[in-house]
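> sharing a model prediction with you, sequence too.
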Amino acid sequence: MNIRTNALLCISLLIAVSTACKREQETPPNFVIIQLDDLGYDDLSIHRNYLVETPNIDSMGATGMRFEQFYVNPVCAPTRASLLTGRHFMKTGVTHVHGGKDFLSLDETTIAEVLGQSGYHTGMWGKWHSGHTDGYYPWQRGFDEAYMARLYKHRNSSGLLNGAEVHHQRWADDVITTYAIDFMDRNRDEPFFAYLSFLSVHAPLDTPDSLKLKYMEKGLSDGLATIYGMVEHLDHYLGRLFTAMDTMGLDRNTVVMFMSDNGPAVLNNYLTDEDRAIRYVNDLKGHKGNVWENGVRSPLFVKWQGVTQPVINYELVDVTDILPTIMEFAGIEPNRQMMSLDGESFAEAILCGCSEPRGKVSFNMANRGWPPTDQPWTPIGVLDEYRPVTQAKKEQEVFDDQIITVRKGAFKLLHHPGDAKGAAKSEDGYVLVDILADPGEEVNLYSQMPEVAEELKQLMKQWWQSVLEAPASFKMPVFKVHGEIGDTCEILAKAPLETSANVKSTFAWLSHWTEPGDFARYAIHVEDPGLYEVSLLYSGRPNGAKVMVSGNESSISNTIETYDRAFLGSLELDSLDHELKLELIANPAGTNVFDRLTRIELQRK
């Protein structure tokens, strides 16, 4: 870059910053985040997929800034944890997508809380995958208004609107968009933050018949035609959103960001290898669940009318950078209550339209049970990955067992990434690639560039140590116990602190209670001390088995005969943070007492 070009860039930057500052003095900008579910980098026509039609998304990308080196995490709940907090998901209590490992620690400060404390109206609609029990709902994590849609119900969407059950006879994409437009209209004269968290294109696949037929007439299979129909259907509603924002005059003071949450799912029930070859037009390797590029590369389009320039940016950015960037635009400094941020603002790149390196280092990680997602799904997972990690087990977690990547500059080092069709093979468990020169990750430079590999390896090990030292890493949720007389609190059986070795943890329940001494321990926070009626919800054949529930210094035990629900008696709970333990005391029939233990309920007496 010559001196004259540098000078012009500096002048442009000063003008842009001056404009932004003047706007901030008048009114801080609004923020809109649009996030899709399981949308691949290749699923947009602007990314050279000329089979799918996405005119509204393409227009945003073409007239705004396209960040071509933007990373999310391998699956949805981790990405959302990083987006909400500006921190790496492994430090926030989120390590998986189910089994209680998708609850964002209550010690974390969310983007909605940060903005709300600075006078913003906050709203979110759609997929919430950051906890689904008292204290963890979006309307309890800083959102003034929240529609938590029932997951993956694309037609006739239903869910909870600020805690109240609501039902719609419309597509989820339509419902989410309608809520967001209404929210913006009501708050157009004051700063707002709107988070549209769409369910498309997550399975089960579903789209209007006319759109599926349209793509089948292009020669595509039923599965791929449905995916592209879902993408186009979503694009239609984004067009409606953008038009509404223009009509309300919001376009010139609103920063809009568009992204996905992870790469495309394998979808063996819907797609063949031939379908995937058609879909993956840029020949990125891997898929949702692993750390190859196709699992973690996402579109990121940023548009701020009158500020952003229509350019392609190759600066390294990841999902933890979204929150600090928004904070900088809003003029918000981190406060003492916030955990230290892992992300770094890229506001300057947005303002100047340039790709000046920030020295960003980006880390990513996959659960060992995710990469082999071509194996048949089972409730227990592939590698028993839903089992809780106790503090003692956390201390035994070693670096050599982990699936981690680090990206610095052009180079990406992958540790135990697993095999991917057409991808480079590991050497000593590592793959080193020059992503800018080799985006398809086909050539392993590990032995050719030992100094680069060693530098990245040391960064990777230091980062893993920081994860182990983070108080919330691998932490399971805390269940609140409180309420008026007659109110019921629930403890989700799938989310214990610890289980005995015999008990099996699954994505939604605990199973295989056969031996006396089998147990599960739960973290509880008792806000209202007193007497609570304890009941268990399950399916199984207890046949006279005896169980005990204990909390603090109080306990109850009872024999159970029914096949679905058992009332055990009343338990006295003090106002403390402590544990609740469920234990199998006797099993005379020797059967599986709980095929599916789903909940422990506590009703205030």
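Sure, I can see it. Numbers count the residues shown, from 1 in each chain.
> can you pull out the low-pLDDT segments for the stretch 301-450 of the chain?
Residues of the stretch 301-450 of the chain meeting the criterion pLDDT under 70: 372-376.
> how about the helices in this structure?
In the chain, the helices defined using DSSP state H lie at 3-26, 55-63, 76-85, 111-116, 172-186, 209-216, 222-247, 273-279, 293-296, 322-330, 347-352, 391-394, 450-469.
> residues contacting Y215?
51-52, 224-226, 228-229 (Cβ atoms under 8 Å, 6 or more residues apart in numbering). Where you see a C-beta, it was placed from the backbone N, CA and C, and this is true even at glycine.
> do you know how far P138 is from A112?
Computed as Cβ to Cβ, to the nearest Å, the P138 to A112 distance reads 8 Å.
> again, but for A81
Applying Cβ to Cβ, the value for A81 to A112 is 13 Å.
> the two: who's more crowded?
The residue with more neighbours, out of A81 and A112, is A81; 30 against 22, by other Cβ atoms under 10 Å.
> need the pLDDT of that one.
A81 carries a pLDDT score of 98 in this model.
> surely it and W128 touch.
No. Using Cβ atoms under 8 Å, A81 is not in contact with W128, being 11.6 Å away.
> who does E427 bridge with?
Y430 (DSSP bridges).
> between the contacts of Y215, which is closest to K408?
Nearest to K408, judged by Cβ to Cβ, of the contacts of Y215 is V52 at 33.2 Å.
> and the strands in the stretch 351-500 of the chain?
Assigned by DSSP state E, counting those that start in this stretch, the strands in the stretch 351-500 of the chain fall at 361-366, 403-408, 411-415, 430-434, 478-481, 488-492, 498-499.
> what would the contacts of Y215 look like in JSON lines with distance to T133 and neighbour count?
Shown next, in JSON lines, are the contacts of Y215 (distance: Cβ to Cβ, whole Å; neighbours: other Cβ atoms under 10 Å):
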{"residue": "L51", "distance to T133": "42", "neighbour count": "16"}
{"residue": "V52", "distance to T133": "38", "neighbour count": "25"}
{"residue": "L224", "distance to T133": "37", "neighbour count": "26"}
{"residue": "A225", "distance to T133": "38", "neighbour count": "23"}
{"residue": "T226", "distance to T133": "33", "neighbour count": "25"}
{"residue": "Y228", "distance to T133": "36", "neighbour count": "27"}
{"residue": "G229", "distance to T133": "35", "neighbour count": "27"}
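> how does this structure divide up, domain by domain?
Domain assignment of the chain by automatic domain parsing yields the ranges 28-358, 366-469, 478-604.
> just name the most buried of the strands of the stretch 351-500 of the chain.
Mean neighbour count (mean count of other Cβ atoms under 10 Å) peaks for strand 411-415 among the strands of the stretch 351-500 of the chain, with a mean of 25.
> the strands of the stretch 351-500 of the chain: which one's closest to E395?
Among the strands of the stretch 351-500 of the chain, strand 498-499 comes nearest to E395, with 14.0 Å by Cβ to Cβ.
> counting by contacts, list what that closest one packs against.
With contacts defined as 3 or more Cβ pairs under 8 Å, 6 or more residues apart in numbering; DSSP states H and E, strand 498-499 has these neighbours: strand 519-526.
> paired strands for the strand it packs on, with orientation please.
Per DSSP bridges, strand 519-526 is paired in its sheet with strand 478-481 (parallel), strand 498-499 (antiparallel), strand 577-586 (antiparallel).
> columns mean pLDDT and distance to L316 on top of these, output as a markdown table?
Listed next are these as a markdown table, based on pLDDT from 0 to 100; distance: least, Cβ to Cβ, whole Å:
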| stretch | mean pLDDT | distance to L316 |
| --- | --- | --- |
| strand 478-481 | 96 | 35 |
| strand 498-499 | 98 | 39 |
| strand 577-586 | 95 | 40 |
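> and of those strands, who's closest to T122?
strand 478-481 (22.1 Å).
> what comes into contact with that closest one?
106, 133-135, 489-492, 495, 522-528, 532, 573, 577, 580, 602.
> of those residues, buried ones?
When those are checked for burial by 16 or more other Cβ atoms under 10 Å, the buried set is 106, 133-135, 489-492, 495, 522-526, 528, 532, 573, 580, 602.
> which ones are touching the residue lying closest to E579 once chain neighbours are set aside?
In this structure, E579 finds its nearest non-sequential neighbour in R521, 5.2 Å apart by Cβ to Cβ, 6 or more residues apart in numbering. Going by Cβ under 8 Å, 6+ apart, R521 touches 496-499, 579-581.
> least confident secondary structure element in this protein?
The weakest-scoring helix or strand in the chain, judged by mean pLDDT, DSSP states H and E, is helix 3-26 (a mean of 44).
> wait, A545 touches P588, no?
Yes. With contact defined as Cβ under 8 Å, A545 reaches P588; the gap is 7.3 Å.
> who's more crowded, these two?
The neighbour count for A545 versus P588, taken as other Cβ under 10 Å, is higher for A545 (26 against 11).
> bridging residues for the more buried one?
I560.
> repeat that for I524.
Under the criterion used (DSSP bridges), I524 bridges to F479, H578.
> where's it relative to T63, distance?
51 Å.
> W139 too?
34 Å.
> next: L492.
Between L492 and T63 the computed distance is 45 Å (Cβ to Cβ).
> what's the average pLDDT for stretch 122-136?
Per-residue pLDDT over stretch 122-136 has a mean of 97.
> can I assume A508 is in contact with D102?
No. In this structure, A508 is not within contact of D102 by Cβ under 8 Å, at 11.4 Å.
> neighbour-wise, which of the two wins?
D102 (26 against 15).
> from memory the more buried one sits against F89, does it?
No. With contacts defined as Cβ under 8 Å, D102 does not count as touching F89, sitting 9.7 Å away.
> shared neighbours, those two?
A77.
> so in terms of bridging, what pairs with the closest residue in space to E190 that isn't next to it in sequence?
In space, and not counting its chain neighbours, E190 is closest to H121: 6.1 Å by Cβ to Cβ, 6+ apart. Beta-bridge pairing for H121 (DSSP bridges): F192.
> pull the number of nearby residues for H121.
So H121, with other Cβ under 10 Å, has 19 neighbours.
> contacts only, for it.
H121 is in contact with 144, 183, 187, 190-193, counting by Cβ under 8 Å, 6+ apart.
> let me know the closest of the residues you listed to C76.
The shortest approach to C76 among the contacts of H121 belongs to F193, at 20.3 Å (Cβ to Cβ).
> wait, doesn't the closest one sit right on Q117?
No. Using Cβ under 8 Å, F193 makes no contact with Q117, being 11.6 Å away.
> who has more neighbours out of those two?
Neighbour comparison, F193 and Q117: the larger count goes to F193, with 27 against 13 (by other Cβ under 10 Å).
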